[in-house]
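Undergrad: sequence and predicted structure are below.
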Amino acid sequence: MSLPPCEVAWFSALCDDDYEFLGVPDPALQSSFEHCRTIALAAEASGFDNLLLPSGYALGIDSMAFAAAMAPMLRRLRLLVAVRCGEMHPAQLARQIATVNQMLGGRLTVNIISSDLPGETLASAPRYARTVEVMQILKTLLAGQPVAHEGEFYKVNLAPPRIATVGHPAPPLYFGGLSEDAREAAAREADVYLMWPDRIGAVSAIVEDLKARAARLGRTLKFGYRVHVIVRETEAKARAAADRLLSHLDDAEGEAIRNRSLDSTSVGVRRQAELREASSGDGFVEDNLWTGIGRARSGCGAAIVGDPNQVLAKLNAYRALGIEAFILSGYPHAAEADLFARHVLTRLEHAPLGV
């Protein structure tokens, strides 16, 4: 079966999420401009299409500031900037996005995170309703159109940022969430629906569900998949690398790391925990999908583990279900990006995602 090219993105560890041994902080791998710049430049040199810049409340460095700093250094790579939509007014966010998009020559993409503010806890329905309003305002302004928005959370009557109309399309909005409210928000306003690792059957069901929801609204979605990867010359070496990654982990520290995340009770995070609990004694929940990373990480908690042929086959299985964008990562991030690029990326037909 012929498959369309897929977008392949890597991950720049802006949120102190880089380790040689999972759960054991390494000062040389902590977030800094220099360390994250090295990952970004290596991702561009290795041929990746995009780079996720994650966002945290307190950890690491700011995603939008980092994107602006990197823009003059990059010639081809896109940047997928994660933004927590409750942290600033949508019109201010639109100006920032338009500015960085111009600096990147139109290569900015945006990962919308439906998050609470520190100290705030909105129920799921109003939080996602606020997120929908943010996406509506952003899409209007970034398309170069004036906005007259009268919503529950925002009342905005503004002309668009002038630079939003200068030669570049509006950045596509990537968005994820597993709850009912999140799925409806994605169907209404997202361009790319992102999901975390799951069994092949569950991934297929999610894709079909979101397709149907979007179709009822007269829309279509593209689909992305966020997962870690451990690839080595042989499956035995890949499994040994996975075991080594966890070899210094204290279970109590791993639990503390998971619980520190402000989204530790979300539906998506609970699903990652369910997969881990359902896995076999070696952590594998199905062929080549290993849940061990979730022992010391909230959120995306599984990795594709195997030799180059197995990893390629797993990615192509997801592509056959409709996945058109991958956001990959591995520990340490720079070293694993190089391994993936040499062993797998050169064998994938890939290109920036057209939205």
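TA: Looks like it arrived, so ask away.

Undergrad: excluding chain neighbours, give the residue nearest to R130 in space.
TA: F153 (4.5 Å; CB to CB, 6 or more residues apart in numbering). Where C-beta positions appear, they are placed from N, C-alpha and C, glycine not excepted.

Undergrad: for the one you found, what are its contacts?
TA: 129-130, 133 (CB atoms under 8 Å, 6 or more residues apart in numbering).

Undergrad: filter these down to the ones in helices?
TA: In this view, those that belong to helices under DSSP state H are 129-130, 133.

Undergrad: quick revisit: among the contacts of F153, the buried ones, what's the ChimeraX command?
TA: To isolate the buried ones among those in ChimeraX, judged by 16 or more other CB atoms under 10 Å, type:
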select :129,130,133
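
Undergrad: quick one, helices of the stretch 101-250 of the chain?
TA: 124-142, 180-189, 200-216, 235-245 (DSSP state H, counting those that start in this stretch).

Undergrad: in the protein, which helix or strand is least confident?
TA: Least confident helix or strand of the chain, by mean pLDDT, DSSP states H and E, is helix 251-260 with a mean of 63.

Undergrad: and the next helix or strand past that one?
TA: helix 267-278 (DSSP states H and E).

Undergrad: okay, now the unreliable bits of the stretch 151-300 of the chain?
TA: Residues of the stretch 151-300 of the chain meeting the criterion pLDDT under 70: 165-166, 252-265.

Undergrad: let's see 50
TA: Scanning the stretch 151-300 of the chain for pLDDT under 50 picks out the ranges 262.

Undergrad: please enumerate the strands of the stretch 51-200 of the chain.
TA: 79-84, 108-113, 147-150, 155-158, 173-176, 192-195 (DSSP state E, counting those that start in this stretch).

Undergrad: quick check: angle from the second one to strand 79-84?
TA: Put simply, strand 108-113 runs at 30 degrees to strand 79-84, going by axes from the mean of the first three to the mean of the last three CA atoms, to 10 degrees.

Undergrad: buried ones in strand 108-113, by neighbour count?
TA: For strand 108-113, burial by neighbour count (16+ other CB under 10 Å) applies to 108-113.

Undergrad: Serialize the helices of the stretch 101-250 of the chain to CSV and add fields for distance to Q272.
TA: Below are the helices of the stretch 101-250 of the chain laid out as CSV (distance: least, CB to CB, whole Å):
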stretch, distance to Q272
helix 124-142, 18
helix 180-189, 15
helix 200-216, 12
helix 235-245, 16
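
Undergrad: for those, which one sits closest to A43?
TA: With distances scored as CB to CB, the stretch of the helices of the stretch 101-250 of the chain nearest to A43 is helix 235-245 (20.1 Å).

Undergrad: give the buried residues for the closest one.
TA: By 16+ other CB under 10 Å, the buried positions in helix 235-245 come out as 235, 238-239, 241-242, 245.

Undergrad: which one of these is nearest F33?
TA: Closest to F33, out of all of the buried residues of helix 235-245 and judged by CB to CB, is L245, at 25.7 Å.

Undergrad: which non-adjacent residue is nearest the closest one?
TA: L22 (5.1 Å).

Undergrad: quick one: that neighbour is in a strand?
TA: No - going by DSSP: H, G, I helix; E, B strand; the rest coil, the assignment for L22 is coil, not a strand.

Undergrad: surely it and D243 touch.
TA: No - assessed by CB atoms under 8 Å, L22 is found out of contact with D243, at 11.0 Å.

Undergrad: so C300 versus D282, what's the distance?
TA: Distance check for C300 against D282: by CB to CB, to the nearest Å, it reads 20 Å.

Undergrad: of these two, give the one with the bigger neighbour count.
TA: C300 (23 against 12; other CB atoms under 10 Å).

Undergrad: for this protein, which strand is longest?
TA: In the chain, taking DSSP state E as the definition, the longest strand is strand 222-231.

Undergrad: how many neighbours does the closest residue to G283 other than its chain neighbours have?
TA: Among residues not flanking G283 along the chain, G292 sits closest, at 4.0 Å (CB to CB, 6+ apart). By other CB under 10 Å, 24 other residues sit near G292.

Undergrad: so what's G292 up against?
TA: 242, 245-246, 276, 283, 303.

Undergrad: now flag whichever of those residues is closest to E180.
TA: For these, the residue nearest E180 by CB to CB is R276; the value is 23.0 Å.

Undergrad: ok, and the closest non-adjacent residue to the closest one?
TA: Nearest residue to R276, sequence neighbours excluded (CB to CB, 6+ apart): T291, at 4.2 Å.

Undergrad: phi, psi for the one you found please.
TA: With angles defined as degrees, to the nearest 10, T291 sits at phi -100, psi 10.

Undergrad: surely it meets G281?
TA: No - here T291 lies out of contact with G281, judged by CB under 8 Å, at a distance of 11.6 Å.

Undergrad: in terms of neighbours, single out the busier of those two.
TA: Each of T291 and G281 has its neighbours counted (other CB under 10 Å); T291 has more, 24 against 5.

Undergrad: re earlier: mind putting the buried residues of helix 235-245 in a markdown table, distance to M64 included?
TA: Shown next, in a markdown table, are the buried residues of helix 235-245 (distance: CB to CB, whole Å):
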| residue | distance to M64 |
| --- | --- |
| E235 | 40 |
| A238 | 35 |
| R239 | 38 |
| A241 | 34 |
| A242 | 33 |
| L245 | 30 |
